[in-house]
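# Structure of the sequence below:
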Amino acid sequence: MRSTTKQAATAFALIFVLVFLPSLATATATARLFRAIDARRSQHLDLKGSLVGPESVTFDGKGQGPYSRVSDGHIMKWNREAKG
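Purely as a prediction, here's the structure:
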């Protein structure tokens, strides 16, 4: 009886490690890829009316952008030199 209990505990521990070890490795790798954004350095554009955004942000094939799509479908390109 003791042997069966020991085998069951060993099997449970093995299954636990096999299930949770890959998710731990994935979480660690993801944390290295994505860093938090320092929101204190962000700039905000006042969107008139009922617009909200960004719904998505992307760069083009030349590395220009970022481009941002807002709720009414318009796509805006960030321009460092322009104000507003």
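
# how about the strands in this protein?
56-58, 67-69, 75-77 (DSSP state E).

# Return the most buried member of those.
The highest mean neighbour count among the strands of the chain, using mean count of other C-beta atoms under 10 Å, belongs to strand 67-69: a mean of 16. C-beta coordinates here come from the backbone N, C-alpha and C atoms, glycine included.

# Show me how the record splits this structure into domains.
Using automatic domain parsing, the domain parsing of the chain gives 1-35, 43-84.

# Columns mean pLDDT on top of those domains, output as TSV?
Listed next are the domains of the chain as TSV, based on pLDDT from 0 to 100:
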stretch	mean pLDDT
domain 1-35	76
domain 43-84	76
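
# rewinding a little: could you redo the strands of the chain as JSON lines and give each row distance to T28?
As requested, the strands of the chain are exported to JSON lines (distance: least, C-beta to C-beta, whole Å):
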{"stretch": "strand 56-58", "distance to T28": "25"}
{"stretch": "strand 67-69", "distance to T28": "30"}
{"stretch": "strand 75-77", "distance to T28": "35"}
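
# Nearest to L14, out of the ones you listed?
Closest of these to L14 is strand 56-58, at 42.6 Å (criterion: C-beta to C-beta).

# Which neighbours in the sheet does that closest one have, and how are they oriented?
strand 67-69 (antiparallel) (DSSP bridges).

# which other residues reach the strand it pairs with?
Applying C-beta atoms under 8 Å, 6 or more residues apart in numbering, the external contacts of strand 67-69 come out as G53, P54, E55, S56, V57, T58, F59, D60, I75, M76, K77, W78.

# what does stretch 48-58 give?
Under C-beta under 8 Å, 6+ apart, the answer for stretch 48-58 is L47, G65, P66, Y67, S68, R69, V70, S71, D72, M76.

# Okay, the third one and D38: tell me how far apart.
I take that to be P66. Distance of P66 to D38, computed by C-beta to C-beta, to the nearest Å: 16 Å.

# Which one's more surrounded, those two?
P66 (13 against 7; other C-beta atoms under 10 Å).
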